[in-house]
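**Student:** only geometry, no sequence info:
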């Protein structure tokens, strides 16, 4: 993973980070973890960054575990008309393993299918966010 600079590159990013640092600390939640549908373009142009995305996703899950957890469903599209999604998972190692088993293939963007999938999942049980 690339080293991040000590100082943000522009004033807008610096202002955002300053505001973020002034917010109260997040406290662990109770009950079920929030559900995040993480949709990823796995077409051929994304292959160079796929491994980095898997590592960042694992880091994200480890961080949110401390504040009540997060259940992530990895949805991806690739190739010609292929789209798949995992069940909602809370284990960072399992999400990373599943991302590592995906290979990118040439094809077209399928945002419509991702949005339809997100709506279907939300009808089953609240999806807190789609990224």
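**Tutor:** Right, received. Where do you want to start? It should be emphasised that the depicted structure is a prediction, and the values quoted were computed from it without experimental measurement. Residues are numbered from 1 along each chain as shown.
**Student:** CA only for contacts and neighbour counts going forward, please
**Tutor:** Fine.
**Student:** Next, give phi and psi for residue 41.
**Tutor:** phi -80, psi 110 (degrees, to the nearest 10).
**Student:** what's near enough to touch it?
**Tutor:** 76-78, 109 (CA atoms under 8 Å, 6 or more residues apart in numbering).
**Student:** And what about the nearest residue to residue 93 once chain neighbours are set aside, helix, strand or coil?
**Tutor:** Spatial nearest neighbour of residue 93, chain neighbours left out: residue 58 (6.7 Å); criterion: CA to CA, 6 or more residues apart in numbering. Classification of residue 58 using DSSP: H, G, I helix; E, B strand; the rest coil returns helix.
**Student:** How about the secondary structure of residue 18?
**Tutor:** Of the three states, residue 18 takes helix under three-state DSSP.
**Student:** That one: how many residues sit nearby?
**Tutor:** Per other CA atoms under 10 Å, the neighbour tally for residue 18 reads 11.
**Student:** If I look at it, what pLDDT would I see?
**Tutor:** pLDDT, residue 18: 80.
**Student:** any idea how far it is from residue 60?
**Tutor:** Distance of residue 18 to residue 60, given as CA to CA, to the nearest Å: 21 Å.
**Student:** In this protein, where is pLDDT below threshold?
**Tutor:** The model of the chain has pLDDT under 70 over residues 1-9, 25-31, 62, 64-68.
**Student:** Bridged to the residue nearest the centre of the chain, which residues?
**Tutor:** With distances taken as CA atoms, centre = their mean, residue 38 lies nearest the centre of the chain, 4.0 Å away. Beta-bridge partners for residue 38, by DSSP bridges, are residue 74.
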